[in-house]
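1. Generate coordinates for the sequence data below:
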Amino acid sequence: MIMIKIMNTRLRLYVNTFKNKNYINVMSTLLLNKTNLIDYEITYSKNMSRPSKTLVNPNLFNLFSIVKIDPYSEIKEDIITECLNYLNDNFTLENEVESECDYILIDYICLHELYTYIYNCNYNRNVVIRIDDIYNYPKIQFIKLMSMIFLHVVISVSSYKNTTLVVCTDKIHSIKECKQLNIKDFNIKVDQYIINFFYDYNLRHLNKILYVNNIVQGVHSDVIYTELKLINGYINSFINKRHIPCDCLDIYTSVVCNYIVCKRCFRITLFDHFLDFQASEADLNAFL
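-> As a prediction, this is how the structure comes out:
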């Protein structure tokens, strides 16, 4: 058991050119190749780094920046559990670390705070790093750097929020101290397979959020609130593997899409996947 401390105009642009030409199924995890630690220099900036074209389609990102509805606002507390579920190891969330084998969750917003924590970590330490919104290059440079200083690194991404967990096992190298400023560049070249993974991930995520916002335009706000609350309840149940006996007598029929949902157990039938990557309910259940 591994523990962790812890507009009337429709948005019509959908891009489907994936960098990974062998892309078939949605991949939620990526094992990073172990690489040797190289010399690097940290460059700082007064401002936050802008989104990189190598990681996100700029036109798609501009549309995404003006959307008004976050369809997964009520499951943000479940994202860590979701990402851990995609890993083969048996993780649980605990309030404190009990042994050197446990993993410490690092959940800072600023990149220099994440870096400083790693800098201060002892050798052999295991950590899980949460990084949100990987649209700029310094963030994937940081992930690349982790693959140099830890013996084993695997990343797991959420299907609902743009969130990545970087699971790092056994720190074997030290790193340079950094200033408490915005990091502009680590001056590290990132492997193309890592760039492609995040470009495809961002592409799917932005397309999905735009699609949802496109569908609900013109729908009464009360209906949107009800439907998204039920959908979030459904997702929450699967993430947390929460199944209760239910006769499913209190049914809500969607006004927006082709599904019905039980208000008590959140079981969904005739799901048409507009809130998920999967093409069917069976695929969705297997994915979660």
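2. measure the spatially closest residue to Asn187 that is not a sequence neighbour to Thr54 for me?
-> Using Cβ to Cβ, 6 or more residues apart in numbering and skipping the chain neighbours, the partner closest in space to Asn187 is Glu41 (4.9 Å). Every residue, glycine included, has its C-beta placed from N, CA and C. Noted for Glu41: a distance of 20 Å to Thr54, by Cβ to Cβ, to the nearest Å.
3. just Phe142 next, same as before
-> 15 Å.
4. what does Cys178 give?
-> From Cys178 across to Thr54, the span is 23 Å (Cβ to Cβ).
5. circling back to that earlier point, who's more crowded, Phe142 and Thr54?
-> The neighbour count for Phe142 versus Thr54, taken as other Cβ atoms under 10 Å, is higher for Phe142 (22 against 15).
6. how much space between Tyr119 and Ile183?
-> Going from Tyr119 to Ile183 by Cβ to Cβ gives 12 Å.
7. The two - which one has more neighbours?
-> Neighbours around Tyr119 and Ile183, counted as other Cβ under 10 Å, are more numerous at Ile183. The numbers are 23 against 14.
8. Verify the assumption that the more buried one is located in a strand.
-> Yes: checked against DSSP: H, G, I helix; E, B strand; the rest coil, Ile183 lies within a strand.
9. Quick check: bridge partners of it?
-> When bridges are assigned using DSSP bridges, the partners listed for Ile183 are Tyr44.
10. what residue ranges in the stretch 1-150 of the chain score low on pLDDT?
-> Applying pLDDT under 70 to the stretch 1-150 of the chain picks out residues 1-27, 91-98, 100.
11. what's the spacing between Lys53 and Asn136?
-> Using Cβ to Cβ, one obtains 11 Å as the distance from Lys53 to Asn136.
12. More neighbours: these two, which one.
-> Set side by side, Lys53 and Asn136 show unequal neighbour counts under other Cβ under 10 Å, the larger going to Asn136 at 19 against 11.
13. and the closest residue to that one other than its chain neighbours, what is it in contact with?
-> Nearest in space to Asn136, with sequence neighbours left out and distances taken as Cβ to Cβ, 6+ apart, is Ser49 at 3.9 Å. For Ser49, the contacting residues are Asn136, Tyr137, Pro138, Asn182, Ile183, Lys184, by Cβ atoms under 8 Å, 6 or more residues apart in numbering.
14. Is the third one in contact with Cys110, as I believe?
-> Same thing as Pro138. No: under the criterion of Cβ atoms under 8 Å, Pro138 is not in contact with Cys110, lying 11.0 Å apart.
15. Who has more neighbours out of those two?
-> Pro138 (23 against 13).
16. returning to what we had before: please identify which pair of the contacts of Ser49 lies farthest apart.
-> Tyr137 and Asn182 (13.0 Å; Cβ to Cβ).
17. Determine the longest helix present in the chain.
-> If each helix of the chain is counted by residues according to DSSP state H, the longest one is helix 192-216.
18. how far does the next helix or strand after that one sit from the chain's center?
-> Next in sequence after helix 192-216, counting helices and strands by DSSP states H and E, comes helix 221-239. On the basis of Cα atoms, centre = their mean, to the nearest Å, the separation between the geometric centre of helix 221-239 and that of its chain is 19 Å.
19. and after helix 221-239, which helix or strand comes next?
-> From helix 221-239, the next helix or strand downstream (DSSP H and E) is strand 251-253.
20. now the next helix or strand along the chain from that next one: mean pLDDT?
-> Heading C-terminal from strand 251-253, the first helix or strand you meet, by DSSP H and E, is strand 260-262. Within the predicted structure, the mean pLDDT of strand 260-262 is 83.
21. Mind checking what helix or strand follows strand 260-262 in sequence?
-> Helices and strands here follow DSSP H and E; after strand 260-262, the next one along the chain is strand 268-269.
22. what residues does that next one touch?
-> When contacts are taken as Cβ under 8 Å, 6+ apart, the neighbours of strand 268-269 outside the stretch itself are Ile231, Tyr234, Tyr259, Ile260, Val261, Cys262, Glu281.
23. If anything else comes up later, I'll come back, but that's it for now.
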